[in-house]
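Visitor: here is the input, now give the coordinates:
(one chain, ligands or ions: 2)
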Amino acid sequence: MIYAVVNTKGGVGKTTTAVHLATMLARQGKTLMIDGDPQASAASWAAWRRESPQFTPSPTTTCLTGKAILVEGKQLAEGFEYVVVDAGGRDSIALRSALLLAKKAIIPIDASHLDAAAMTDLMTVVELARDYNPDLEVRVLLTRVDSRTKDAAEMLEFLNEQKLTVLPTKVCERVAFRRAIGEGAIVQELGKDQAAINEIEAFFKEIQA
Ligand SMILES: Nc1ncnc2c1ncn2[C@@H]1O[C@H](COP(=O)(O)OP(=O)(O)O)[C@@H](O)[C@H]1O
Ligand SMILES: [Mg+2]
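Guide: Ligands and ions are numbered 1, 2, ... in the order given. Purely as a prediction, here's the structure:
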């Protein structure tokens, strides 16, 4: 199964989602994480992780750019049960390649920041990908949700109008996610925030359904 974690925007939680997904998948089978973002934050996370041998298992991680995400990614995927692509935060060849390679696209959306113009751009890219990859399943994950406000409710209304399938789980803004990434870990491995763990595990169940 090949997953792509995509959004034309940065800072929405793509890398956080991708490394959690890839690490949880690595517990089930051989997993490849392709870092397709020139900022290479997923690859940095993977390097930090190698410094802490207690964090195991790990996804095999590699960086690919542009069209290589599709052509090289397709070749590499043959050796793995699961592939997760963390695609860059803008409309790029890398992002389009990721959407052609994948079977399931996960779109993390920062629920605290409704950016309708950016969403429209993103929808255009997704629609175009579907013309060439008709089996692509697209799921929105609301991230960085502030549980005290109505942000997520407004965002949900907007997404429903766009006819996008939103996963029931919402990932809230929690320091545990930030800390885990900084240590080359996932929230389960730090074990300090049960709410964060519950959220990411619920997401994992839903995306595999
Ligand atoms: N659920 C969350 N709670 C708290 N901080 C988060 C959460 N998701 C992401 N962040 C933080 O927000 C910033 C952007 O997240 P990141 O996953 O790198 O997004 P992207 O890959 O889309 O640019 C990072 O500093 C990250 O630690
Ligand atoms: Mg990123």
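Visitor: I figured S41 hits T17, correct?
Guide: No. Contact criterion Cβ atoms under 8 Å: S41 and T17 do not qualify, at 11.8 Å. To be clear about C-beta, it is placed using only N, CA and C from the backbone, and glycine gets the same treatment.
Visitor: higher neighbour count, those two?
Guide: T17 (25 against 17; other Cβ atoms under 10 Å).
Visitor: that one belongs to a helix, doesn't it?
Guide: Yes. Per DSSP: H, G, I helix; E, B strand; the rest coil, T17 lies within a helix segment.
Visitor: show me what contacts it?
Guide: Going by Cβ atoms under 8 Å, 6 or more residues apart in numbering, T17 touches 5, 106, 108, 141, 143, 171, 203.
Visitor: rerun at 7 Å
Guide: The neighbours of T17, taking Cβ atoms under 7 Å, 6 or more residues apart in numbering as the test, are 5, 106, 108, 141, 143.
Visitor: wasn't the fourth one part of a strand?
Guide: Pointing back at L141 there. Yes. The assignment for L141 is a strand, going by three-state DSSP.
Visitor: partners of it in the sheet?
Guide: P108 (DSSP bridges).
Visitor: contacting residues around it?
Guide: Contact analysis of L141 by Cβ under 7 Å, 6+ apart lists 17, 106-108, 167, 171, 203.
Visitor: now do the helices in the protein.
Guide: In the chain, the segments counted as helices under DSSP state H are 14-26, 41-50, 68-77, 93-101, 116-132, 151-161, 175-182, 187-190, 194-208.
Visitor: any chance of JSON lines for those helices, columns mean pLDDT and distance to ligand 1?
Guide: Below are these laid out as JSON lines (pLDDT from 0 to 100; distance: least, Cβ to the nearest ligand atom, whole Å):
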{"stretch": "helix 14-26", "mean pLDDT": "98", "distance to ligand 1": "3"}
{"stretch": "helix 41-50", "mean pLDDT": "97", "distance to ligand 1": "5"}
{"stretch": "helix 68-77", "mean pLDDT": "98", "distance to ligand 1": "16"}
{"stretch": "helix 93-101", "mean pLDDT": "96", "distance to ligand 1": "12"}
{"stretch": "helix 116-132", "mean pLDDT": "88", "distance to ligand 1": "12"}
{"stretch": "helix 151-161", "mean pLDDT": "79", "distance to ligand 1": "12"}
{"stretch": "helix 175-182", "mean pLDDT": "98", "distance to ligand 1": "4"}
{"stretch": "helix 187-190", "mean pLDDT": "98", "distance to ligand 1": "9"}
{"stretch": "helix 194-208", "mean pLDDT": "98", "distance to ligand 1": "7"}
